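Participant: A structural model of the following input is requested.
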Amino acid sequence: MACSCPRGAGRRHGLLRGGLVAAGLLVATFCAGAPARAQMNEGTADPTAPSLWLVHSIQETKDFNGFICPAEVRLDGSIFGDAGMTGTVIFTSKQEGPVVEPQSQVQEQQFSLDTYGTFDIVKSFQMQWRNVPAAGDIPPRQKVTLQFIVARHHTVIAETQRTIELACRKPTPPELTLSFRITKEEIIKGFVCPTEILTDGHIVTKEALSGQVQHQVWFGPKTPSASATKDINMGAGDALSYGFFAPIDWRGYVFSHDLTPQRSLSLHFRVYREGAFLAETARSVLVSCRNALGGGGQLSAGTETSETRPGGAAIGRLAKQQAQAFAIQAPQGLVRRGEIRLSGGAANDKYALKFLRRNGGGYVAVNAAQLPKQMTGLVASFPLQALSGGRDWRLEVCPLGSAPTACKTSDFRLTRIGGAGAAAAPSPQSPDQPQGTIFILPGVTN
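Facilitator: The predicted structure follows:
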């Protein structure tokens with residue numbers, strides 16, 4: 001402290017029954033009539049006064065109005081002395097500003113110091129932010145004065161202090177990707193129209209995240225949107241996929257056999273941190289119907305449509321219906337070889353492959369360069385060492401050009417991670433697809 005008393009007048013802290021006399025600063029420093037402290041800066045230092053050492057560190061953080069703020073400051077103090085003594089150690093923390101109502105905290109502890117000994121003490125203070133004025137998008141900050149005081153017989157014999165500035169920061173947004181596919185279609189007024197869409201959001205965190213993820217499908221100004229929200233609690237580097245089946249509403253649409261029925265959809269995938277918006281990715285989609293009597297005969301209601309990828313090649317509906325049923329024989333159970341074996345399919349059939357690693361209660365797609373994305377025929381292989389990050393996996397096999405219901409999956413477990421004990425960081429589910437309007441055409445595969 002910077003209080004200077006005249007000679008003959010000591011500088012004292014009132015200690016009444018173990019507590020500090022609060023006088024504005026909560027730790028009341030005042031000059032007393034009797035000498036209570038040697039004037040160490042005037043050449044008459046008390047030879048028995050100990051030396052002090054103080055460091056601080058930020059231990060915890062918390063969310064505050066969309067920012068991440070220091071929540072706990074830890075003080076590590078040490079007392080060094082040539083003479084043995086007992087007394088009281090006092091730690092104080094006082095907000096200096098900018099704050100609406102400054103707050104102070106005090107913690108005390110008795111100490112006993114041996115000759116040429118050291119006494120260590122650790123105290124923590126919880127930082128308050130609710131009385132710090134907000135300034136829009138500017139991260140809040142405050143100054144805090146920390147004091148380390150040693151007293152004997154109600155007299156301060158040594159002290160040190162420092163003023164630190166604590167600043168909040170904006171959270172690091174996670175990586176988001178959003179994909180979709182049409183999962184159901186029905187006959188409506190002579191047209192086969194998509195009536196359900198699956199939006200699949202994938203999130204990879206860069207730091208711990210507790211909050212919510214939300215899907216929203218917006219159909220236009222005259223039609224209510226569909227949405228779903230899920231609570232999440234993720235650690236740094238975690239990955240999570242969250243899907244939402246949204247109905248496509250054709251009520252109120254005016255059908256004409258001279259025009260192809262179409263609807264514009266806006267897909268949104270958002271992340272909120274402790275109730276505050278954090279990140280979003282969005283896509284615009286145009287879905288279309290087709291004539292129910294085209295493409296080789298009338299189709300039954302409820303036939304699932306294919307996925308759509310930008311730039312994908314058109315696959316005829318007739319070819320999709322002719323795909324042969326198949327089953328996955330390998331990999332299954334405990335796996336020691338990277339082998340894929342199918343049964344029931346044709347020798348020249350082509351299949352799309354997807355490897356998914358178990359992550360908590362779900363699975364995350366892994367797009368390692370060494371893993372095959374497609375196979376022809378009934379037998380293929382893959383390198384076990386490319387499966388890293390976990391032992392539990394799922395293989396998804398889909399006949400090219402077939403509806404999603406034709407896909408088959410098989411769960412299996414590795415004898416050890418990566419086949420060679422190597423582990424790698426989780427890969428995102430898939431690279432984000434280009435933004436912009438995407439046209440869904442009947443018979444185009446995603």
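Participant: so which helix or strand takes in residue 150?
Facilitator: strand 141-152 (DSSP states H and E).
Participant: same for that strand, what does it pack against?
Facilitator: The contact analysis (3 or more C-beta pairs under 8 Å, 6 or more residues apart in numbering; DSSP states H and E) places strand 141-152 against strand 51-64, strand 67-81, strand 85-97, strand 155-167. For glycine as for every other residue, the C-beta is placed from the backbone atoms N, C-alpha and C.
Participant: redo that, cut-off 6 Å
Facilitator: Under the contact definition 3 or more C-beta pairs under 6 Å, 6 or more residues apart in numbering; DSSP states H and E, strand 141-152 sits against strand 85-97, strand 155-167.
Participant: Next, the angle from the first one to strand 51-64.
Facilitator: Calculated by axes from the mean of the first three to the mean of the last three C-alpha atoms, to 10 degrees, strand 85-97 forms an angle of 40 degrees with strand 51-64.
Participant: tell me the domain ranges of this protein?
Facilitator: Domain assignment for the chain by automatic domain parsing gives 11-166, 171-305, 317-430.
Participant: Could you give the average pLDDT over the longest one?
Facilitator: The predicted model gives domain 11-166 an average pLDDT of 75.
Participant: what's the answer for the shortest one, then?
Facilitator: Averaged across domain 317-430, the pLDDT comes to 78.
Participant: With stretch 179-197 instead?
Facilitator: On average, stretch 179-197 scores 90.
Participant: for that stretch, how far is the first residue from the last?
Facilitator: Chord length of stretch 179-197, first to last residue, is 11 Å (C-alpha to C-alpha, to the nearest Å).
Participant: Kindly report the same for stretch 183-198.
Facilitator: Start to finish, the residues bounding stretch 183-198 are 6 Å apart (C-alpha to C-alpha).
Participant: tell me which residues of that stretch are tucked away?
Facilitator: Applying a neighbour-count criterion of 16 or more other C-beta atoms under 10 Å, one finds 183-188, 191-198 buried in stretch 183-198.
Participant: picking up where we left off before, pick the most buried one from the helices and strands packed on strand 141-152.
Facilitator: Stretch with highest mean neighbour count among the helices and strands packed on strand 141-152: strand 85-97 (a mean of 19; mean count of other C-beta atoms under 10 Å).
Participant: tilt between that one and strand 67-81?
Facilitator: Here the directions of strand 85-97 and strand 67-81 differ by 150 degrees (the same axes, to 10 degrees).
Participant: Leaving out sequence neighbours, find the closest residue to the residue nearest the centre of the chain.
Facilitator: In the chain, the centroid-proximal residue (C-alpha atoms, centre = their mean) is residue 209; its distance is 3.1 Å. Leaving aside its sequence neighbours, residue 209 sits nearest to residue 234 (C-beta to C-beta, 6 or more residues apart in numbering; 4.7 Å).
Participant: How about the contacts made by residue 378?
Facilitator: Counting by C-beta atoms under 6 Å, 6 or more residues apart in numbering, residue 378 makes contact with 342, 345.
Participant: Any figure for the gap between it and residue 350?
Facilitator: 11 Å (C-beta to C-beta, to the nearest Å).
Participant: same deal with residue 273?
Facilitator: 43 Å.
Participant: higher neighbour count, these two?
Facilitator: residue 273 (20 against 15; other C-beta atoms under 10 Å).
Participant: is it true that that one touches residue 211?
Facilitator: Yes. Look at residue 273 against residue 211 with C-beta atoms under 6 Å: they come within range, at 4.3 Å.
Participant: shared neighbours of the two, which are they?
Facilitator: Residues touching both residue 273 and residue 211 by C-beta under 6 Å, 6+ apart: none at all.
Participant: surely residue 181 meets residue 198?
Facilitator: Yes. Using C-beta under 6 Å, residue 181 is in contact with residue 198, at 5.4 Å.
Participant: for residue 384, phi and psi?
Facilitator: phi -60, psi -30 (degrees, to the nearest 10).
Participant: neighbours around it, how many?
Facilitator: Residue 384, neighbours per other C-beta under 10 Å, totals 21.
Participant: same thing with the one 4 residues further on?
Facilitator: As a burial measure, residue 388 scores 21 neighbours (other C-beta under 10 Å).
Participant: cool, and residue 181?
Facilitator: Neighbours around residue 181, by other C-beta under 10 Å: 22.
Participant: How about residue 413?
Facilitator: 14.
Participant: what do you get for residue 410?
Facilitator: 19.
Participant: doesn't residue 394 make contact with it?
Facilitator: No. Residue 410 lies out of contact with residue 394 (C-beta under 6 Å); the separation is 7.0 Å.
Participant: Would you map the strands across the stretch 101-250 of the chain?
Facilitator: 104-113, 117-126, 141-152, 155-167, 175-188, 191-204, 209-218, 226-234, 239-247 (DSSP state E, counting those that start in this stretch).
Participant: Next SSE downstream of the last one?
Facilitator: The one in question is strand 239-247. strand 262-273.
Participant: who's in contact with that following strand?
Facilitator: Everything outside strand 262-273 that qualifies as a contact, by C-beta under 6 Å, 6+ apart, is 171, 176, 178, 199, 201, 211-218, 278-288.
Participant: Now, of those, which are buried?
Facilitator: Buried among these (16+ other C-beta under 10 Å): 171, 176, 178, 199, 201, 211, 213-218, 278-279, 281, 283, 285, 287.
Participant: Quick one: end-to-end distance for stretch 116-133.
Facilitator: 48 Å.
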